[in-house]
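Asker: Could you look at this predicted model? Sequence included:
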Amino acid sequence: MADTKFHAFDRKDTTYTSDGLSIAVSVFVPKGVEKRQTLPILIRWHGGALINGGRVYEPWFPRWIIELAAHHSAIIVAPDYRLLPESSGLDILSDLHHFYSWLHSHFGSFVTTSFPEQTSTPDLSSILITGESAGGYMAVQSVLLGETKGIKAVIAHYPMIDLEDAWYSKPGRKVIWSQPPPSYPDGWLDQQLEAARSAKPITERIPKEGEPDLFVASLLEGRYTEMLGSDSCLFPLENLRSLQQRGGSLTPIWMFHGDKDTLIPIDGTLKFVREAQGGVKDTIVPGAEHGFDNDSVTLDTDWVLEGREWLNMHWP
């Protein structure tokens, strides 16, 4: 595995069950740890607008997050989940809840039996959740929707937050990836959505260069929110307000976002930070576009160092 970002880990794959479907999870246990250790856990939800991506698609898996796990001898847990538009937003949240049920009921025994040479056990009381873009949405939704058992902190990279905003729900000419958007054949999006209605669920979709992008098309036509669904639980800001009305406490969250993000506007992150009333650490990275924490970012990058100081107060 020398040619992979995960060279410092041993990998095993398994599944969790959601609504009768078996959905893949990859588990990475650090090599070289002392035997019989109890290891913290890092859960990483992948990005891709809830439409694209996969749990171990390495070009989208931030190297510094893998380095963070290695630094703390943490077990990485990377789940897949059903994707739009073949499945609904509620299907995705069902997967989220079923994943955590599996984590707390079956994960410990899976590690013990699948990595017998390690003789280490996962510490289910010391969990960090991370995710980029749509993965940031999944990470934040996890704790807003009650999956807080053992969760010490959340890192949300340029997350999708305000999905009721006009950016997602109203048509218009939009600058995406800092350039005018591509044109799509008339009716292309309708054709894709119609085909999805009768398609089987998909849990991984790796975009190919040059192919039309369903997410971009949905933004241009203002139909992303339509694909997601209208239930209030699908919207992080609604869930935050509901949590506050119940007098609940917010799990520590670090959100970071580039102020030049032309795919997922920073406004949603800023609104969440304001409404959380001091409950969120935020980092605004000047001049940064979407997905800026690429392989050039390390644990020693200035803004990462600042975030790690905060993280050390909460996890592991």
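Answerer: That came through, no problem. Just so it is clear, the model here is predicted, and its values are computed rather than measured.
Asker: The stretch 101-250 of the chain: helices as residue ranges?
Answerer: Listed in chain order, the helices of the stretch 101-250 of the chain (DSSP state H, counting those that start in this stretch) span residues 134-144, 166-169, 188-197, 214-220, 224-228, 236-245.
Asker: in the last one, what's buried?
Answerer: In this case it means helix 236-245. For helix 236-245, burial by neighbour count (16 or more other C-beta atoms under 10 Å) applies to 236-237, 239-240, 243. Heads up, the C-betas are built off the backbone N, CA and C, glycines and all.
Asker: Can you list the low-confidence ranges for the stretch 151-300 of the chain?
Answerer: Across the stretch 151-300 of the chain, not a single residue meets the criterion (pLDDT under 70).
Asker: 90 instead?
Answerer: Judged by pLDDT under 90, the stretch 151-300 of the chain has its weakly predicted residues at 173, 180-183, 210.
Asker: Can you list the residue ranges for strands in the chain?
Answerer: Using DSSP state E, the strands assigned to the chain run over residues 9-18, 21-30, 38-45, 75-79, 121-132, 151-157, 253-258, 280-285.
Asker: how far off strand 75-79 does the second one point, in degrees?
Answerer: For strand 21-30 against strand 75-79, the angle by axes from the mean of the first three to the mean of the last three C-alpha atoms, to 10 degrees is 160 degrees.
Asker: Against residue 170, how distant is the residue lying farthest from the centre of the chain?
Answerer: Within the chain, the residue lying farthest from the chain centre (C-alpha atoms, centre = their mean) is residue 186, at 32.0 Å. The gap separating residue 186 from residue 170 is 19 Å, by C-beta to C-beta, to the nearest Å.
Asker: before we move on, what about residue 122?
Answerer: Shown here: residue 122 relative to residue 170, a distance of 44 Å by C-beta to C-beta.
Asker: out of the two, which sits in the more crowded spot?
Answerer: residue 122 (23 against 13; other C-beta atoms under 10 Å).
Asker: Which pLDDT value belongs to the more buried one?
Answerer: Turning to residue 122, the model gives it a pLDDT of 98.
Asker: for it, what are its contacts?
Answerer: Applying C-beta atoms under 8 Å, 6 or more residues apart in numbering to residue 122 gives the contacts 38-41, 75, 107-108, 111.
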